[in-house]
Structures are given as structure tokens and as C-alpha cells.
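Trainee: What follows is a protein structure lacking sequence information:
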């Protein structure tokens, strides 16, 4: 398939899936429940953190997390007491458990108290065509306070070879400004041009069939290949093709 044909094909799929109907079956519905920026950020970050496995389970468990925080994520992060933290102890989503949840709440509080919030941390180390260094630096800040070593595995580090699918997905949610009603576009200090398409088994398999990548593992090197290919198609908004690759893989069995 020639570049022009491939771009037309994928642009059509973006138009097909990048609309409010997409929200109904996707974890992005969780941050859409809120209107205050900090509530959106925390709800989105937590739901992205557990976004692996069955999508229905992800959504249900994300709603449980929000419910455990009294449906006021930012207020809970900033004003919780020890009894309220104890109420999180029985939460579990696959390998993410209540102790991890408590650790995340404490780290988020530190970020809002001492680092001017999530957007400021991610924006600080952004590069013109990549957020991967920024993600790695975010992990350092996130775990600068005392924490359980087991909890570190729930934040990926591209500098250690990870494709960081969930954080790249979250960045797409918060930074894309396409006004289609799906991505929230609440972060104005990070350009969509710097974003990467979230790379997972679905998008990876479709990308290989379309010869966007050749590497077999879904790791940081494969993500770099995908970044290069998608920036040839749209250098200003490469992560929009997540809708096309994911839709082709999940909904069409491409």
C-alpha cells in the first residue's frame, strides 16, 4: 500500500472511531465523568494505570476506585485521613492492589503539593517529538517519596525499554485538541505533535500488517518505529491513529 493510500485508509478509520460513541466501551469514559481539571487528571491517571486486561473489568474497577474516593478524586487526594486510606486496602485489579492504590494517592498528593500538579511534571521534560523522556522523569518524581518497591512496576519507564502504553494513552486523552468529543484536551502546555500512539497487542498487530513497524516485540524500540511511521502521515497529530489501529484490531479483527 502506497503512503497516500495508507494515509487515506487510516484517516477514514480515525473518522469512523474518533467520535463520542467510542467512549461507551473505553476507559476514557472515567475522566469524562468530571469537569474540574484536577478531578479529570486524577480519574484519568488512575483508570489508565489499571487499563490492561478485560475492558469491562477495567471500567468497572475504575469506577470502584472513584467511588472509594467519594467521587471527588482531587479532594480525596489532598484531604484524606488514615481511616479513608484504610478503606482502599481491599481494592484489587489484577496485580494492582490496595497497598498500591494507597501509595498512588500519597504520590499524587506530593505531586500536587510540591510539583504544581501532573501537567507541570509531564511538561517539564517534554521534547519536540517525544514524551518518552518525560514519562521516565515522571516516574522518578512519582516515587521520590517513601513507597513500596512492588508499586514501582505499575509505572512504566521507556528508558528501560517499555512502550509505556498506558501513560501514552493518558497523554493522548489529556493533550489532543481535536474537539471531536473523545480526547479531553485539558493540557495546553504539551503539543499533540509530541505524543506517541499507545502500543499494545492490538495496535501492534495491525501496525505490523500495515508495515508501519517490523519489530516483533511491543517495546520502546517498536514504539520508536511506529512514531516515525505515523509522523510521516501526520506530524502534527500522530497519536490520532490510535483510533484507527485500535479500532481495526478490536472492532474489525483486521
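Mentor: On my side now, so go ahead. Quick caveat, the model's predicted, so the values are computed rather than measured.
Trainee: does the most centrally placed residue in the chain sit in a helix, a strand or a coil?
Mentor: In the chain, the residue lying closest to the centroid (Cα atoms, centre = their mean) is residue 170, at 2.3 Å. Classification of residue 170 by DSSP: H, G, I helix; E, B strand; the rest coil places it in helix.
Trainee: need the contact list for it.
Mentor: 44, 45, 48 (Cβ atoms under 8 Å, 6 or more residues apart in numbering). The way it works is simple: take the backbone N, C-alpha and C, and place the C-beta from them, glycine included.
Trainee: Ok, residue 107 next?
Mentor: With contacts defined as Cβ under 8 Å, 6+ apart, residue 107 is in contact with 142, 143, 145, 147.
Trainee: quick one: which of those is nearest residue 166?
Mentor: residue 142 (13.3 Å; Cβ to Cβ).
Trainee: Test my guess that the closest one contacts residue 111.
Mentor: Yes - taking Cβ atoms under 8 Å as the definition, residue 142 is a contact partner of residue 111 at 7.0 Å.
Trainee: any weak-confidence spans in the protein?
Mentor: Applying pLDDT under 70 to the chain flags the ranges 1.
Trainee: All the strands of it, residue numbers only.
Mentor: Per DSSP state E, the chain carries strands over the ranges 92-93, 96-97.
Trainee: Partner strands of the last one, with direction?
Mentor: Going back to what we said before, that points to strand 96-97. Sheet pairing here is set by DSSP bridges, and for strand 96-97 it gives strand 92-93 (antiparallel).
Trainee: Give me the contacts around the strand it pairs with.
Mentor: 50, 53, 57, 58, 61, 98.
Trainee: I'd like to know which of those is nearest to residue 153.
Mentor: Using Cβ to Cβ, residue 50 comes nearest to residue 153 of the contacts of strand 92-93, at 12.7 Å.
Trainee: doesn't residue 62 make contact with that closest one?
Mentor: Yes - counting by Cβ under 8 Å, residue 62 is a contact partner of residue 50 at 6.4 Å.
Trainee: Comparing the strands of the chain, which comes out most buried?
Mentor: Ranked by mean neighbour count under mean count of other Cβ atoms under 10 Å, the strands of the chain are led by strand 96-97, which reaches a mean of 20.
Trainee: can you give me how far that one is from the chain middle?
Mentor: Relative to its parent chain, strand 96-97 has a centroid offset of 18 Å by Cα atoms, centre = their mean, to the nearest Å.
Trainee: Skipping adjacent residues, who's closest to residue 30 in space?
Mentor: Among residues not flanking residue 30 along the chain, residue 47 sits closest, at 4.0 Å (Cβ to Cβ, 6 or more residues apart in numbering).
Trainee: so who does that neighbour touch?
Mentor: For residue 47, the contact set (Cβ under 8 Å, 6+ apart) comprises 27, 30, 31, 58, 59, 62, 65.
Trainee: Please repeat the previous calculation with a cut-off of 7 Å.
Mentor: 27, 30, 31, 62 (Cβ atoms under 7 Å, 6 or more residues apart in numbering).
Trainee: Which two of these have the greatest separation?
Mentor: Most distant of the contacts of residue 47, by Cβ to Cβ, are 31 and 62, 9.4 Å apart.
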